[in-house]
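A.B. asks: Sharing a sequence plus its predicted fold:
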Amino acid sequence: MIKDERWEGVYTMEDSPYLMEVLTELRDRETDSIGFRKGLVKLGRFMGYEIIKTMEFEKRRIETPLEETDGIVVVDRRNVVIITVLRAAVPLMEGLVKVFEHARIGIVSAVRGKAPEFRVEMNYIKIPQIREEDTVIIADPMIATGSTLIEVLREVKRYGSPKRIIVLGVLAAPEGISRIKKEFPEVEIFVTKVDRELNEDGYILPGLGDAGDRTFGSPLKLSTLPQLHSFD
Ligand SMILES: O=P(O)(O)OC[C@H]1O[C@H](OP(=O)(O)OP(=O)(O)O)[C@H](O)[C@@H]1O
Ligand SMILES: O=c1cc[nH]c(=O)[nH]1
Ligand SMILES: [Mg+2]
């Protein structure tokens with residue numbers, strides 16, 4: 001991973017040809033939901049490995065079948081809370097838990113409203129107790145205006161004061177990162193890439209479209225189909 005010099009504590013994966021290839025596939029409009037989900041799982045897993053490079057570890061003396069030798073244990077890897085932001089972060093979490101199998105998991109829903117307010121509604125919130133030795137990883141593929149993550153970060157802080165808070169995303173717009181860093185300067189942000197800008201609807205450009213819809217398909221809007229829900 002490489003540090004993005006525009007902010008403190010922001011890292012991208014542009015030095016990894018493999019992760020750039022996975023990102024290319026995610027961006028490609030020809031990639032279907034199956035391929036899109038698989039790509040998010042890969043990013044969750046391999047970005048998890050990158051996060052471990054920044055974790056503290058302890059030396060440990062062990063015996064092989066032949067003789068004693070020195071080894072290590074990554075202590076922080078056993079103290080992780082993963083917070084998954086529905087919908088699009090579900091496959092990211094699947095990849096992350098392959099790397100942080102001990103992680104306790106919190107789930108929140110967050111729906112972002114229309115431009116220009118981008119009001120965020122969080123109504124499903126199930127977060128475990130957070131301890132001071134924990135590294136909290138908040139998974140959400142898209143950091144656009146930053147509104148969603150700002151709401152989630154405010155909520156997460158009510159559950160305890162962890163050792164570190166890491167936002168794990170796929171794409172971010174510079175505007176979103178700046179807004180998050182303004183309110184939460186200590187939060188670290190790991191993304192695959194920081195894209196160019198946002199369009200007027202709050203979508204990241206060049207981006208990958210609506211991550212939730214790419215992952216799970218577009219939800220049916222019942223309000224547009226009156227005959228479907230008239231129960232007589
Ligand atoms: O940084 P922001 O401007 O808040 O935008 C980013 C959020 O928007 C998308 O969620 P959405 O509300 O579309 O839900 P979904 O994941 O279910 O599609 C995306 O998954 C992020 O959570
Ligand atoms: O580009 C974007 C921005 C917000 N949410 C998405 O799913 N995609
Ligand atoms: Mg969406």
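C.D. replies: Sure thing, it's come through. Ligands and ions are numbered 1, 2, ... in the order given.
A.B. asks: Residue 38 versus the residue positioned nearest the centre of the chain, what's the distance?
C.D. replies: With distances taken as CA atoms, centre = their mean, residue 139 lies nearest the centre of the chain, 2.3 Å away. To residue 38, residue 139 is 16 Å away according to CB to CB, to the nearest Å. Every residue, glycine included, has its C-beta placed from N, CA and C.
A.B. asks: Also residue 223?
C.D. replies: From residue 223 to residue 38 the distance is 33 Å (CB to CB).
A.B. asks: So for these two, which sits in the more crowded spot?
C.D. replies: The neighbour comparison of residue 223 against residue 38 (other CB atoms under 10 Å) goes to residue 38, with 17 against 8.
A.B. asks: Just to be sure, residue 106 is in a helix?
C.D. replies: No - read with DSSP: H, G, I helix; E, B strand; the rest coil, residue 106 is strand and lies in no helix.
A.B. asks: so what's it up against?
C.D. replies: The neighbours of residue 106, taking CB atoms under 8 Å, 6 or more residues apart in numbering as the test, are 81-84, 126-128, 156, 159.
A.B. asks: one more time with 7 Å, if that's ok
C.D. replies: 81, 83, 126-128 (CB atoms under 7 Å, 6 or more residues apart in numbering).
A.B. asks: you'd agree residue 184 is up against residue 151?
C.D. replies: No - counting by CB atoms under 7 Å, residue 151 is not a contact partner of residue 184; they are 11.7 Å apart.
A.B. asks: got the contact list for residue 163?
C.D. replies: So residue 163 contacts 132-135 (CB under 7 Å, 6+ apart).
A.B. asks: Please report which of those residues has the highest neighbour count.
C.D. replies: For these, neighbours were counted by other CB under 10 Å; the highest total belongs to residue 135, with 25 neighbours.
A.B. asks: Look up the closest residue to that residue, ignoring the ones flanking it.
C.D. replies: residue 164 (4.6 Å; CB to CB, 6 or more residues apart in numbering).
A.B. asks: and what of residue 200?
C.D. replies: Nearest one to residue 200, counting by CB to CB, 6+ apart, is residue 115 at 6.2 Å.
A.B. asks: How about residue 216?
C.D. replies: Using CB to CB, 6+ apart, the nearest residue to residue 216 is residue 87, at 5.7 Å.
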